[in-house]
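Novice: would you be able to build a 3D model of this:
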Amino acid sequence: MENLLEAIRAAVVTDASPEARAAGAQACRTILAALEATAAEPIQAAAAQPTTPPIADLVATLRGVPMDQLLDLAIARLRAALPVGTAVPTVQPVKFQFIPQSHLDVLGKKKR
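Specialist: So this is what the prediction gives:
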């Protein structure tokens, strides 16, 4: 019982690691199971529950990946989902026509 209480003490400090918090939560579940048990039935430790949902693990994994790699991955996955033989048109880069300042000055003088 002392080790369960120690796990809870370690979990509630402000700078506790995720592992310590998970161990503390599991210790709380075990104590709760012991409190809810009747005298006739044996005490069963609470089943271990995942500490983080799978999507949180995925987000944590992707957090350090550069944005251009994420976009390349998304494009590759979308292309792989297309039916076989589907032609993917090439994307043309955006082209801007720059107008020199001198041309703008000339146009502005004509309007006056």
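Novice: so what pLDDT did V91 get?
Specialist: As predicted, V91 sits at a pLDDT of 84.
Novice: that one: neighbouring residues, count only.
Specialist: 7 (other C-beta atoms under 10 Å). No exception for glycine: its C-beta is placed from N, CA and C like everyone else's.
Novice: same check, this time on the one 4 residues further on
Specialist: When neighbours are defined as other C-beta under 10 Å, K95 has 5 of them.
Novice: what about D15, distance to R21?
Specialist: 11 Å (C-beta to C-beta, to the nearest Å).
Novice: the two - which one has more neighbours?
Specialist: R21 (16 against 5).
Novice: the more buried one and I55, how far apart?
Specialist: 19 Å.
Novice: avg pLDDT for the longest helix seen in the chain?
Specialist: Secondary structure of the chain read by DSSP state H shows that its longest helix is helix 18-36. Mean pLDDT, computed over helix 18-36, is 84.
Novice: and it, what's buried?
Specialist: 20-27, 29-31 (16 or more other C-beta atoms under 10 Å).
Novice: ok, so of those residues, who is nearest A74?
Specialist: The closest of these to A74 turns out to be A22 (C-beta to C-beta; 31.9 Å).
Novice: how near is the closest one to A11?
Specialist: Relative to A11, and taking C-beta to C-beta, A22 is found at 8 Å.
Novice: what about P89, which SS state?
Specialist: coil (DSSP: H, G, I helix; E, B strand; the rest coil).
Novice: ok, it to F96 distance?
Specialist: 21 Å.
Novice: P54 now?
Specialist: In terms of C-beta to C-beta, P54 sits 44 Å off from F96.
Novice: ok, P83 - how many residues close by?
Specialist: P83, neighbours per other C-beta under 10 Å, totals 5.
Novice: again with A7
Specialist: Neighbours of A7 using other C-beta under 10 Å come to 19.
Novice: do R9 as well
Specialist: R9, neighbours per other C-beta under 10 Å, totals 13.
Novice: now it, nearest residue through space, not along the chain?
Specialist: G24 (8.0 Å; C-beta to C-beta, 6 or more residues apart in numbering).
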